[in-house]
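Novice: Mind folding the following:
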Amino acid sequence: MSPSAPDQNTSDRILVVDDEPNMLGLFKKVLGKGGYDVVTAFSGEEAIKKLETGWFDLIISDLKMPGLSGLELLKKVKSMRPTLPCIVLTAHGTIDSAVAAMKAGAYDYLTKPINNDEITLTVKKALDLHRLTREVERLREKVGVEGALGNIIGRSKPMQDLFRLIERVANSHTTILIYGESGTGKELFARAIHQQSPRRERPFVAIDCGALPETLLESELFGHVRGSFTGAVSNKKGLFEEADGGTLLLDEIGDTTPAFQSKLLRVLQENEIRPVGGNKTIKVDVRVIAATNKDLKKSVEKKSFREDLYYRLAVVPIVIPPLRQRREDIPLLADHFIKKYCERNRLEPKRISPKALRLLVESPWPGNVRELENVIERAVLMNPATEIAAEALFMEPSVEQPDDALYKVIRTATETVEKEKITEATLKAKGNRSRAAKLLGISRATLYNKLKRYNLIE
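Specialist: Numbers count the residues shown, from 1 in each chain. You can find the predicted model right below:
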């Protein structure tokens, strides 16, 4: 029977394994000063017995020991407790052994003679990672109740504050302006507001204002009458009418022209629309949510956005924090996306390795949650093992890799998935490369290079 995890308020327990009493004494002294509960073992065999009867948050083990070696101990620990971080100790002349241990799942290694500050720093990083891993395990079952709003996942304080704000404003009929960088999930937040509101039984309609020219945008939103312009062969109902009684999301509102902004302001003030080419107005009851990744206050100062429309839209401003400001949410998001894409592709359940999780948490994520999701989706598809390694996360085909049969299969599969995603995003963006790049969570320059590489440029 495996030992149960201790209460969150107890000290971190560290098992130090070495056949040299002086080394055990050093670690007990240094780590004891840090407030850690240090347990020692003189051999790998003794360490296994202690693992079977007690809970530990970290193992530090020498690689060269009589009997069960440190590498053999590491492999046994990983079979018993896959998420338990291990730090190995090695001499300067045996770095190759440390590299082998890292490949077997060690978190890090320390070389003898060991610096006390290095011990403290490496141990702190390893334990921080272990806390994140344990948090994922604890919250996996609770996330649907306590750590999510609709399809939005977040246990961090910024996200919990945001969830509470949404719950307060959802029942109102006021307009809302959502700010957020590309990839933060502005549409998901708008849908969550709609689902929390009394309008939940009525339509939710979204349009990307930046992807359409002004004349087409007006036709899409307000509708048009037959003969109002070339191609208008029949009357067409606009999205304001489609969303009547419900919610309309105007995404990328900051990309609209002043002329369109003037017409939108009138709709918001009068609650009525006039189809393009028509001479009659139509009353509508629509809750408008606007979204943008631009600073509209600066746009107002530059006279590129109407001040009166800004204040009409920003009755309740909601700011979505970028992923780099809520890194504690990354483990839960990664776990969610792994489950999602395993189920979608009918794959056996997978988990992420501690080293890969650390890499995810420390990455800058300029494309925010959308970029994280894309990385996880690719890793799930490309990684055949049940544990996703760090090397699988940002895997890119390289001409320097060996041109063997396995590599060819991986390269072909990667390129196929990438081309499909690029084509899908380009179609969704109706050929607008800036919008397609945003959908993919990459820069416009990167998208252009990939379009050329895959001969997708006309």
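Novice: which one in this structure is furthest away from the centre?
Specialist: Within the chain, the residue lying farthest from the chain centre (CA atoms, centre = their mean) is Asn279, at 47.8 Å.
Novice: Just the element for it, please.
Specialist: Element membership for Asn279 (DSSP states H and E) is empty, with no helix or strand holding it.
Novice: Distance-wise, check it relative to Val225.
Specialist: The gap separating Asn279 from Val225 is 9 Å, by CB to CB, to the nearest Å. For glycine as for every other residue, the C-beta is placed from the backbone atoms N, C-alpha and C.
Novice: Val123 - how many residues pack around it?
Specialist: Neighbour count of Val123, defined by other CB atoms under 10 Å: 25.
Novice: and what of Ser61?
Specialist: 25.
Novice: Asn22 now?
Specialist: By other CB under 10 Å, 7 other residues sit near Asn22.
Novice: Let me see the backbone angles for it.
Specialist: Phi and psi for Asn22, reported as degrees, to the nearest 10, are phi -60, psi -40.
Novice: what's the pLDDT at it?
Specialist: Here the pLDDT value assigned to Asn22 is 91.
Novice: How about the one 10 residues further on?
Specialist: Each residue has a pLDDT score; the one for Gly32 is 91.
Novice: from what I can see it touches Val38, true?
Specialist: Yes - applying CB atoms under 8 Å, one finds Gly32 in contact with Val38, separated by 5.7 Å.
Novice: These two: who's more crowded?
Specialist: Shown here are Gly32 and Val38; by other CB under 10 Å, Val38 has more neighbours (20 against 12).
Novice: ok, now which ones touch the more buried one?
Specialist: Shown in contact with Val38 (CB atoms under 8 Å, 6 or more residues apart in numbering): 13-14, 16, 27-28, 31-32.
Novice: can we see that at 7 Å?
Specialist: When contacts are counted by CB atoms under 7 Å, 6 or more residues apart in numbering, Val38 touches 14, 16, 27-28, 31-32.
Novice: Closest to Arg81 out of those residues?
Specialist: Of all the contacts of Val38, Arg81 sits closest to Ile14, with 13.8 Å by CB to CB.
Novice: if we can go back for a sec, and the buried ones among the contacts of Val38, selectable in PyMOL?
Specialist: What follows is the PyMOL syntax selecting those of the contacts of Val38 that are buried according to 16 or more other CB atoms under 10 Å:
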select buried, resi 14+16+27+28+31
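Novice: would TSV of the contacts of Val38 with distance to Phe189 be doable?
Specialist: TSV is the format used below for the contacts of Val38 (distance: CB to CB, whole Å):
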residue	distance to Phe189
Ile14	41
Val16	47
Phe27	48
Lys28	50
Leu31	44
Gly32	47
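Novice: ok, which pair from the contacts of Val38 is furthest apart?
Specialist: Longest distance between any two of the contacts of Val38 is 10.9 Å, between Val16 and Gly32; criterion CB to CB.
Novice: quick check, nearest of the contacts of Val38 to His194?
Specialist: Set against His194, the nearest of the contacts of Val38 by CB to CB is Ile14 (49.0 Å).
Novice: Report how many residues lie close to the residue nearest to the closest one when sequence neighbours are not counted.
Specialist: Excluding the flanking residues, the one nearest Ile14 by CB to CB, 6 or more residues apart in numbering is Leu58, at 4.7 Å. The number of residues packed near Leu58 is 23, by other CB under 10 Å.
Novice: Give the buried residues for the strand or helix carrying Ile166.
Specialist: For Ile166, the element it lies in under DSSP H and E is helix 157-169. Going by neighbour count (16+ other CB under 10 Å), the buried part of helix 157-169 is 158-159, 162-163, 165-166.
Novice: Many thanks, have a good one.
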